[in-house]
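Trainee: what follows is a predicted protein model with its sequence.
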Amino acid sequence: MARPPTNGKGSGMPLEIAQRVDAQGLSCPMPIVKTAQAVKLMVSGQLLEVLATDAGSSKDFAAWCKTTGNELVESSVEGGVYRFVLRRK
């Protein structure tokens with residue numbers, strides 16, 4: 001079971017996920033498209049969790065965050081499911 005993201009200040013307190021996107025089974029570019037749509041509805045600082053099964057999604061999300069200025073807080077893979085936690089800029 002994946003651990004929730006923490007606040008990065010050593011307290012171990014989980015951060016609150018404001019929005020979730022299930023992009024499992026979708027191929028590129030749809031996980032990024034769904035993510036971009038969700039981020040537009042969020043306010044700065046909120047967290048978005050994305051689940052994807054596309055093997056290229058790790059590179060896609062890193063590049064998308066760099067391009068858009070959103071922060072990739074956490075990235076993991078378990079059982080073929082890629083999990084990303086992003087912070088809205």
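Mentor: Looks like it came in fine. These numbers come from a predicted model, not from an experiment.
Trainee: what ranges does this structure have for its strands?
Mentor: 17-23, 47-52, 71-78, 81-87 (DSSP state E).
Trainee: need these in CSV (columns: mean pLDDT).
Mentor: Below are the strands of the chain laid out as CSV (pLDDT from 0 to 100):
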stretch, mean pLDDT
strand 17-23, 98
strand 47-52, 98
strand 71-78, 97
strand 81-87, 98
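Trainee: as TSV, those with mean neighbour count would be great.
Mentor: Where you see a C-beta, it was placed from the backbone N, CA and C, and this is true even at glycine. What follows is these, written out as TSV (neighbours: other CB atoms under 10 Å):
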stretch	mean neighbour count
strand 17-23	16
strand 47-52	22
strand 71-78	15
strand 81-87	20
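Trainee: including distance to residue 37, could those strands go into CSV?
Mentor: Below are those laid out as CSV (distance: least, CB to CB, whole Å):
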stretch, distance to residue 37
strand 17-23, 8
strand 47-52, 11
strand 71-78, 18
strand 81-87, 13
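Trainee: for residue 15, give me the pLDDT.
Mentor: Looking at residue 15, its pLDDT stands at 75.
Trainee: is it true that it touches residue 46?
Mentor: No - assessed by CB atoms under 8 Å, residue 15 is found out of contact with residue 46, at 9.8 Å.
Trainee: give me the distance between residue 54 and residue 41.
Mentor: 22 Å (CB to CB, to the nearest Å).
Trainee: so which of those two has more stuff around it?
Mentor: residue 54 (18 against 11; other CB atoms under 10 Å).
Trainee: distance between stretch 31-43 and the chain's centre?
Mentor: 10 Å (CA atoms, centre = their mean, to the nearest Å).
Trainee: buried residues, it. List them.
Mentor: Neighbour counts over stretch 31-43 (16 or more other CB atoms under 10 Å) mark 31, 32, 34, 35, 38, 39, 42 as buried.
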